[in-house]
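> Need coordinates for the following:
(one chain, ligands or ions: 2)
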Amino acid sequence: MNVVFLAPNYPAEMPHYVRGLATVGARVWGVGDGPLGSLRPDVRQLLDDYLQVPRLLDEDDVIARVHAWLRGRSVDRIETQWEPTVLLAARLREHLGVMGMLPGTVIGFRDKAVMKERVAAAGLRVPHAFRATTTAQARAAAERIGFPLIVKPIAGAGSADTYRVDDAPELERVLALTRHVEEVSVEEFVDGLEFTYDTICVDGQPVFENVAQYLPRPLEARTVESISPIIATVRDLTPPHIQRGIQLGRQVLKALGMGTGFTHMEWYLKASGEVVFGEIGCRPGGAHLADQMNFTCDTDVFREWARAVCWSDFDGRTERLYNCAIVFKRAKGQGAITRIEGLDAFRQRHGRWICWENLLPVGAKRRNWKMTLVSDGFIIVRHPNWGDALAIANDAANNVHLIAG
Ligand SMILES: Nc1ncnc2c1ncn2[C@@H]1O[C@H](COP(=O)(O)OP(=O)(O)O)[C@@H](O)[C@H]1O
Ligand SMILES: [Mg+2]
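Ligands and ions are numbered 1, 2, ... in the order given. Below you'll find the predicted structure:
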């Protein structure tokens, strides 16, 4: 089993997937844009070969280089877990005749307009939306949709350049702010709660399913710096509103022709109980969501993803033991972290439920919280009861403080 794995070193969780592939018996050949020496030592050791390319996102160039590099060797899988390279992986499969999802399918997970069209064509509920490349088109769309609405890039990520708009003057302000965005989607604002539906699939069938709730919704978390955003996996998937989200997710996978691998979907739950599709990728959620799944089930989704991809098999635990919450922290003040307050007391209150503390240490420079959800670090906690898990997470959000300056 020879597996080409794109971007083995970045983002931060990729080494776990490399380890997973090696653990289930695959030979792993990495392709990345850093020199071999820049790879983490454990990753370097797990790779059987490595190709450094000058620009990983220059798809035609990477395809030509990988083609030349592989000449005479047989490849069984071409995989990646990073959103910007999922289409490249599909193009490489097509080019080299390797099994797995092809570009015509992967585009449905990558291009938000194609995605929505395919999901809506299957009769599933998506937000009413129009695409706009000019301000006149955006105004006309707003007229038809009404306020409140959302303006966001067609090719967006991480809630960048995404705005809620409540009236006409605000629309003008937002259109000025998004002038640099080539094409926007003007959408009905779907009010309600926001969840994920995550899977590992084998031939389109989910063999592992996860649901997590965003607290607050990502757009708000990215707009207000003083918030410590929380994402909590939901242990109990049986309540009807959660089941409706899962059913929506399964139908979306069918509509998009999912193959084998990870998926990460976002969905909205309205006060009326209606569930609405948000978006989906054919890769795992970022910002440690995979780690949260592991803490939820005491399993190893990194390894089991690899088993699914290599052997169409799954041997992980799916029984949900905990609700697992991650709390992202943002320091008060600018510059470097000077002290951390409230952490010892928090540990004393909840020690046994703390899974992982990964806050920036004193002396480290603050990160840009708009650019990375992880912000200045995080604390992961878990508890069998939903209410207790949230109470502990809120305790970390409200009473642990990083101070910079
Ligand atoms: N139609 C909508 N109604 C309400 N909120 C939305 C809508 N579209 C986007 N949002 C908010 O903006 C966030 C980012 O939008 P999303 O479509 O998930 O793009 P991305 O995560 O790729 O930036 C969502 O998580 C949600 O909070
Ligand atoms: Mg999103």
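> excluding its backbone neighbours, what's nearest Gly242?
One thing to correct before we go on: residue 242 is Ile, not Gly. The shortest distance from Ile242 to any non-neighbouring residue, by Cβ to Cβ, 6 or more residues apart in numbering, is to Val211 (5.7 Å). Every C-beta, even on glycine, is put in place using the N, C-alpha and C of the backbone.
> helices or strands up against whichever helix or strand the one you found is part of?
Using DSSP states H and E, the element containing Val211 is strand 205-215. When contacts are defined as 3 or more Cβ pairs under 8 Å, 6 or more residues apart in numbering; DSSP states H and E, strand 205-215 packs onto strand 193-202, strand 230-233, helix 240-256, helix 289-297, helix 301-311.
> Which one, of those, ends up nearest to Glu79?
Closest to Glu79 of these, according to Cβ to Cβ: helix 301-311, at 5.8 Å.
> Only the C-alpha atoms, please, for that closest one, written as CSV.
What follows is helix 301-311, C-alpha atoms only, in CSV (Å, rounded to 0.1, in the frame of the first residue of the first chain):
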residue,chain,number,x,y,z
VAL,A,301,-9.6,8.9,14.4
PHE,A,302,-6.2,9.6,12.8
ARG,A,303,-5.4,5.9,12.6
GLU,A,304,-8.9,4.9,11.7
TRP,A,305,-9.1,7.4,8.9
ALA,A,306,-6.0,5.8,7.5
ARG,A,307,-7.5,2.3,7.9
ALA,A,308,-10.6,3.5,6.0
VAL,A,309,-8.6,5.0,3.2
CYS,A,310,-6.1,2.2,2.8
TRP,A,311,-8.3,-0.9,3.6
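> what's the spacing between the residue positioned nearest the centre of the chain and Val165?
Nearest residue to the geometric centre of the chain (Cα atoms, centre = their mean): Gly285, 2.4 Å. Shown here: Gly285 relative to Val165, a distance of 27 Å by Cβ to Cβ, to the nearest Å.
> can you check Leu171 too?
Taken as Cβ to Cβ, the span from Leu171 to Val165 is 5 Å.
> okay, and the common contacts of these two?
Shared contacts of Leu171 and Val165, defined by Cβ atoms under 8 Å, 6 or more residues apart in numbering, are found at 142, 147, 149, 151.
> Filter these down to the ones in helices?
Under the assignment DSSP state H, the shared contacts of Leu171 and Val165 contribute Ala142 to helices.
> and the shared contacts of Leu171 and Val165 as CSV, adding pLDDT, neighbour count and distance to ligand 1?
Output for those, formatted as CSV (pLDDT from 0 to 100; neighbours: other Cβ atoms under 10 Å; distance: Cβ to the nearest ligand atom, whole Å):
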residue, pLDDT, neighbour count, distance to ligand 1
Ala142, 98, 21, 13
Phe147, 98, 14, 12
Leu149, 98, 26, 8
Val151, 97, 25, 9
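> List just the nearest of the shared contacts of Leu171 and Val165 to Pro103.
The closest of these, once distances to Pro103 are taken by Cβ to Cβ, is Val151, at 28.8 Å.
> Go ahead and confirm that closest one touches Tyr163.
Yes: shown here, Val151 and Tyr163 form a contact pair, counting by Cβ atoms under 8 Å, at 5.1 Å.
> Name the helix or strand for the residue nearest to the centre of the chain, please.
Applying DSSP H and E, one finds Gly285 in no helix or strand.
> next one: Ile392
For Ile392, the element it lies in under DSSP H and E is helix 386-399.
> thinking again about what came up before, would you mind telling me which of the helices and strands packed on strand 205-215 is nearest ligand 1?
Comparison of those against ligand 1 by Cβ to the nearest ligand atom identifies strand 193-202 as nearest, at 5.5 Å.
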